[in-house]
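**Student:** From the sequence below, what's the structure:
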Amino acid sequence: MPHVLLVGESWFTHSIHHKGFDSFHSSEYVEGADAFLGALRDRGHEVTYVPSHEIPRRLPTTAEGFAPYDVVVISDVGANSFQLPPETFGHSRPSPDRTELLRAYVEGGGGLLMVGGYLTFTGIDAKARWGRTPLAAALPVGLHDRDDRVELPAGAAPRVVAGHPVVDGLGGPDGTWPDLLGLNEVTVRDGAELLAECGGHPLLVVGGYGAGRSAAFTSDLAPHWAPPGFLAWEGYPELWDRLVRWLSQAVREDV
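**Tutor:** Numbering: from 1, shown residues only. The predicted structure is shown next:
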């Protein structure tokens with residue numbers, strides 16, 4: 001079974017509470033990947049999880065270091081976390097560019113999945129800035145150089161638009177999935193395949209890069225853009241299982 005490395009999908013929240021004359025602070029740490037991790041592990045995949053704040057310490061610093069993983073998933077964490085480790089940002093010492101290492105990993109035959117969120121693709125206020133990294137070349141989508149969020153607060157149902165082993169039969173006869181509440185706006189690159197759209201925008205795009213494969217799922221794998229109905233959908237684990245297998249080249253094109 002493919003070995004998956006999931007990176008990101010965690011955050012710290014700091015709140016200020018005002019009660020009349022007085023105020024106080026509270027903080028919490030949140031990991032949002034439980035449904036995704038459970039879906040893959042229930043299907044038999046081995047998954048290693050690196051939360052956002054552990055990227056400088058735990059991600060490999062050589063291209064060969066990514067070799068044990070069949071698929072790398074980046075979800076809702078910006079490029080700065082990959083390019084500005086403490087030794088570079090705080091002490092002005094050179095360090096490996098992990099976005100270039102991941103590009104080389106895909107070129108050499110690895111699988112890459114980028115999942116949407118406020119800090120993936122280009123992101124809120126253009127802070128995710130993945131389009132300005134070497135890894136952008138390996139993605140099957142083009143990125144905008146601006147805030148790329150598409151908010152769909154009323155909900156929009158994704159729709160399968162092409163036949164492919166990843167999506168065939170998902171969503172029943174009409175190929176529709178439960179509503180999503182937003183996504184990142186991207187363009188489909190020449191040679192890539194648009195498999196599903198949502199609200200008139202690309203949702204799931206797959207393609208090849210060198211000897212490897214890459215995919216972009218432009219909405220969330222967890223709240224807030226993925227509401228409870230999407231996470232509870234019977235097709236949720238099937239979608240990720242199929243996508244990981246395809247990216248790892250563990251399934252034939254005719255399956």
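
**Student:** average pLDDT across the host helix or strand of residue 37?
**Tutor:** Assessed by DSSP states H and E, residue 37 sits inside helix 34-42. For helix 34-42, the mean per-residue pLDDT is 97.

**Student:** Please apply the same query to stretch 99-117.
**Tutor:** pLDDT averaged over stretch 99-117 gives 98.

**Student:** in that stretch, what's buried?
**Tutor:** 99-106, 110-117 (16 or more other CB atoms under 10 Å). In short, each C-beta sits where N, CA and C put it, glycine included.

**Student:** next one: stretch 123-136
**Tutor:** 123, 126, 128, 129, 130, 131, 133, 134, 135, 136.

**Student:** Go through those and say which is closest to residue 198.
**Tutor:** residue 123 (17.7 Å; CB to CB).

**Student:** is it true that that closest one touches residue 117?
**Tutor:** Yes: contact criterion CB atoms under 8 Å: residue 123 and residue 117 qualify, at 7.4 Å.

**Student:** what residues do those two have in common as contacts?
**Tutor:** residue 184 (CB atoms under 8 Å, 6 or more residues apart in numbering).

**Student:** Look at residue 254 and report its pLDDT.
**Tutor:** 38.

**Student:** Which parts of the chain are helices?
**Tutor:** In the chain, the segments counted as helices under DSSP state H are 34-42, 55-58, 80-83, 86-89, 98-107, 228-232, 235-247.

**Student:** I'd like those as a markdown table, with distance to residue 7 appended.
**Tutor:** A markdown table is the format used below for the helices of the chain (distance: least, CB to CB, whole Å):
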| stretch | distance to residue 7 |
| --- | --- |
| helix 34-42 | 12 |
| helix 55-58 | 6 |
| helix 80-83 | 8 |
| helix 86-89 | 17 |
| helix 98-107 | 9 |
| helix 228-232 | 20 |
| helix 235-247 | 14 |
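
**Student:** and residue 169, which of those is closest to it?
**Tutor:** helix 235-247 (8.8 Å).

**Student:** quick one: contacts of that closest one?
**Tutor:** By CB under 8 Å, 6+ apart, helix 235-247 touches 2, 4, 35-36, 38-40, 42-43, 45, 70-71, 111-113, 165-167, 170-171, 177, 204, 206, 213-215, 217, 221, 230, 251.

**Student:** Stretch 131-141 too?
**Tutor:** By CB under 8 Å, 6+ apart, stretch 131-141 touches 79, 82-83, 97, 99-100, 102-103, 106-107, 112, 114, 121-122, 130, 142-145, 186-189, 192-193, 202, 205-207, 209-210, 212, 214-216, 218.

**Student:** Which ones among those residues map onto strands?
**Tutor:** Of the positions in the contacts of stretch 131-141, 112, 114, 142-143, 186-188, 193, 202, 205-207, 209, 212, 214-216 sit in strands, assigned by DSSP state E.

**Student:** How about the residue nearest the centre of the chain, nearest residue that isn't a chain neighbour?
**Tutor:** With distances taken as CA atoms, centre = their mean, the residue of the chain nearest its centroid is residue 115 (2.0 Å). Residue nearest to residue 115 in three dimensions, not counting chain neighbours: residue 75, with 4.0 Å by CB to CB, 6 or more residues apart in numbering.

**Student:** Cool, thanks, talk later.
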